[in-house]
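Trainee: Coordinates only, no sequence provided:
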């Protein structure tokens, strides 16, 4: 559970990090709310992994201020990391050890979690392979083991960098369900992913960064609400004539009619008065991919 | 304590330690063959040794296997810092000095045990094969015990420092071996000889002229000076390892 008084799970202000002449983070500001899943997005090189590494104390930022779970990164890092679970970049596992021994090493290092090793292996579907050396694991198995290690200490906040990489479809579904359950139990999750459809499905909130700066952040639903309505009607050509005649702007997106209007009732009324009854009038919802491309000049996530 | 337990688990469950231990024992057996058996059949081999000095020579030869602690330390830490394993470890315990202490203590203990095992094996061979009589005094055995430990600690620290800075196993091992080579070569120059780690660590275990190399290398450092120099190298290596882990991004 979140600590009392922590209004945000993460609060980052003016974060800056340069590697030589390359500026990875350029005054980044963002918040992540507690008890929610936040999708952390940006094109390649936007600074996502650097941000995660800074939050975990793995890299020393040049400037800026970060608080996580109400604690200051840097000053409180030793206590803070005990309440975090993280997978950054590739799964950080010890070669030559079995999956179970990797979790034992993680538990010893963390100082707790021994009693959860068996249940975590079961949770990620590796109970039968726990005794095998990880050198023989597939990429997906290693990813799942890294997730088990991240969850070992029952963390209040999960920082997951591309957690779905290497997981098969069934594993992805299971994992997304798991994240939802964790959020339902008050845990905070910040997740970056190349797959925008996955983030759209999983996340409550979105933080979008580019060139080391915040582009936008907010609730997924409100960010994707593009305005206008999606109308499904048998005679679309006639509907366009009627709606245009009523002063409403229309356009066809494939076989679907899109209408800019103040309310769906206006559309239903105009069409109904002419004896044309739409089978669906729904607020138009944009796709995260469109939103992402629009705000990042077509950057690759 | 948890970090120490994690290191014990890693060193005991990975094959690298056991494979290196077997190699060390094979090399020790080969050394015993050269010093104790070969001279009986080849009169021109000048390495004939007798009890009790043969025990000390065995300890010197084993302690001279500096590759063992160096490579073990470089492989254990280098393998982690070259991958994301080190970063993952820091997401569970962020105090890097604690990680260093755990790695230093467990890798030294493991290497030390391996060295003592090899000294023991050579000593058994001496007891059975070598001519002469008598054994070392208890204080001399104790001296071999702690001096081997100190030298092992230094080489582990050198291996950790190289891995911490170079972030890769191969270059870290190469750097450690290069240091060993240059340190020995530079010892031919009298001013450096006084601070050479190789010369002073060998002198710590006993006079070098027992195997007639004193004339080649010059005077053997006094015990007090040898101890001070070895301690100084140990501290330098530990500080270098700490700095490499503390100030570089994971």
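Mentor: Good, I have the coordinates. Every value quoted in this text rests on a predicted model; they were computed, and no experiment measured them. Numbers count the residues shown, from 1 in each chain, chains lettered A, B, ... in the order given.

Trainee: For the one helix or strand residue B:54 maps to, give the mean pLDDT please.
Mentor: Using DSSP states H and E, residue B:54 sits in helix B:53-63. Helix B:53-63 carries an average pLDDT of 88.

Trainee: Check which helices and strands that helix is in contact with.
Mentor: Judged by 3 or more Cβ pairs under 8 Å, 6 or more residues apart in numbering or on different chains; DSSP states H and E, the packing partners of helix B:53-63 are helix B:15-32, helix B:96-129, helix B:138-166, helix B:197-205. All C-beta spots, glycine's among them, are computed from the backbone N, C-alpha and C.

Trainee: ranking these by burial, who's on top?
Mentor: helix B:197-205 (a mean of 24; mean count of other Cβ atoms under 10 Å in any protein chain shown).

Trainee: gap between that one and the chain center?
Mentor: 11 Å (Cα atoms, centre = their mean, to the nearest Å).

Trainee: Which strands and helices lie in contact with it?
Mentor: If you count contacts as 3+ Cβ pairs under 8 Å, 6+ apart, helix B:197-205 packs onto helix B:53-63, helix B:138-166, helix B:169-186, helix B:223-246.

Trainee: before we move on, the earlier item: after the helix holding residue B:54, which helix or strand is next?
Mentor: Sequence order places helix B:67-81 as the next helix or strand after helix B:53-63, per DSSP H and E.

Trainee: Any residue of that following helix touching chain A?
Mentor: Yes: for helix B:67-81 and chain A, the contact criterion (Cβ under 8 Å from any Cβ of the partner chain) is met by B:79-80.

Trainee: Which other helices and strands does that helix contact?
Mentor: Helix B:67-81 sits against helix B:2-13, helix B:15-32, helix B:85-90, helix B:96-129, helix B:138-166, helix B:169-186, with contacts defined as 3+ Cβ pairs under 8 Å, 6+ apart.

Trainee: how about 7 Å then?
Mentor: Counting contacts by 3 or more Cβ pairs under 7 Å, 6 or more residues apart in numbering or on different chains; DSSP states H and E, helix B:67-81 is packed against helix B:15-32, helix B:96-129, helix B:138-166, helix B:169-186.

Trainee: Mind putting those into a markdown table with distance to residue A:219 and mean pLDDT?
Mentor: As requested, the helices and strands packed on helix B:67-81 are exported to a markdown table (distance: least, Cβ to Cβ, whole Å; pLDDT from 0 to 100):
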| stretch | distance to residue A:219 | mean pLDDT |
| --- | --- | --- |
| helix B:15-32 | 51 | 96 |
| helix B:96-129 | 39 | 96 |
| helix B:138-166 | 44 | 94 |
| helix B:169-186 | 47 | 95 |
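
Trainee: can you tell which of the ones you listed is closest to residue A:149?
Mentor: Of all these, it is helix B:96-129 that lies closest to residue A:149, at 16.5 Å by Cβ to Cβ.

Trainee: so the closest one versus helix B:223-246, what angle?
Mentor: Orientation check (axes from the mean of the first three to the mean of the last three Cα atoms, to 10 degrees): helix B:96-129 against helix B:223-246 gives 140 degrees.

Trainee: hmm, helix B:96-129 touching chain A?
Mentor: No: Helix B:96-129 does not reach chain A (Cβ under 7 Å from any Cβ of the partner chain); its nearest approach is 8.5 Å.

Trainee: what distance separates that helix from the centre of its chain?
Mentor: Put simply, helix B:96-129 sits 8 Å off its chain's centre (Cα atoms, centre = their mean).

Trainee: What is it packed up against?
Mentor: Secondary-structure packing of helix B:96-129 (3+ Cβ pairs under 7 Å, 6+ apart): helix B:2-13, helix B:15-32, helix B:53-63, helix B:67-81, helix B:138-166, helix B:223-246.

Trainee: Touching the shortest one from outside, list them.
Mentor: Judged by Cβ atoms under 7 Å, 6 or more residues apart in numbering or on different chains, the contacts made with helix B:53-63 from elsewhere in the structure are B:28, B:31, B:35, B:49, B:115, B:118-119, B:122-123, B:126, B:130, B:135-136, B:144, B:148, B:151, B:202, B:205-206, B:210-211.

Trainee: give me the residue from chain B nearest chain A.
Mentor: Of all residues in chain B, residue B:88 sits closest to chain A, at 2.7 Å by Cβ to the nearest Cβ.
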